[in-house]
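Trainee: no sequence for this one, just the structure:
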């Protein structure tokens, strides 16, 4: 049996396994957001100076980037769980 070297990818896998996951407010899929919330994507709806930060899962962050590029950004009111 060969000894295995512990890598930073192993550490990442362990951290992700131990990290609590929550539901994305945009897509509503449970377990797509990690804690702390800052490791997720910052929504493109909260890029103004006075806007409170609003985070979405990485997949939704990529979707928002493409939607913004084509000027079809999904309104917050149509999110699965819009902020109050």
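Mentor: Sure thing, it's come through. For clarity, every value in this text was computed on a predicted model and none was experimentally measured.

Trainee: Report how many residues lie close to residue 52.
Mentor: Using other C-beta atoms under 10 Å, residue 52 is surrounded by 7 other residues. Bear in mind the C-beta positions are built from the backbone N, C-alpha and C, glycine included.

Trainee: show me where pLDDT drops low in this protein?
Mentor: Across the chain, the ranges flagged by pLDDT under 70 are 1-19.

Trainee: Residue 61: neighbour count?
Mentor: The number of residues packed around residue 61, counting by other C-beta under 10 Å, is 17.

Trainee: Residue 27 and residue 39, how far apart?
Mentor: Residue 27 sits 17 Å away from residue 39, going by C-beta to C-beta, to the nearest Å.

Trainee: who touches residue 26 in this structure?
Mentor: Contact analysis of residue 26 by C-beta atoms under 8 Å, 6 or more residues apart in numbering lists 43, 56, 57, 60, 64, 74, 79, 80, 81.

Trainee: let's see it at 7 Å
Mentor: Residue 26 sits next to 56, 60, 79, 80 when contact means C-beta atoms under 7 Å, 6 or more residues apart in numbering.

Trainee: and if you look at residue 53?
Mentor: Residue 53 touches 42, 46, counting by C-beta under 7 Å, 6+ apart.

Trainee: Have a look at residue 27 and residue 39 and say which one is more surrounded.
Mentor: Neighbours were counted for residue 27 and for residue 39 using other C-beta under 10 Å; residue 27 has more, 17 against 13.

Trainee: Based on its surroundings, how many neighbours for the nearest residue to the more buried one once chain neighbours are set aside?
Mentor: In this structure, residue 27 finds its nearest non-sequential neighbour in residue 60, 5.3 Å apart by C-beta to C-beta, 6 or more residues apart in numbering. By other C-beta under 10 Å, 26 other residues sit near residue 60.
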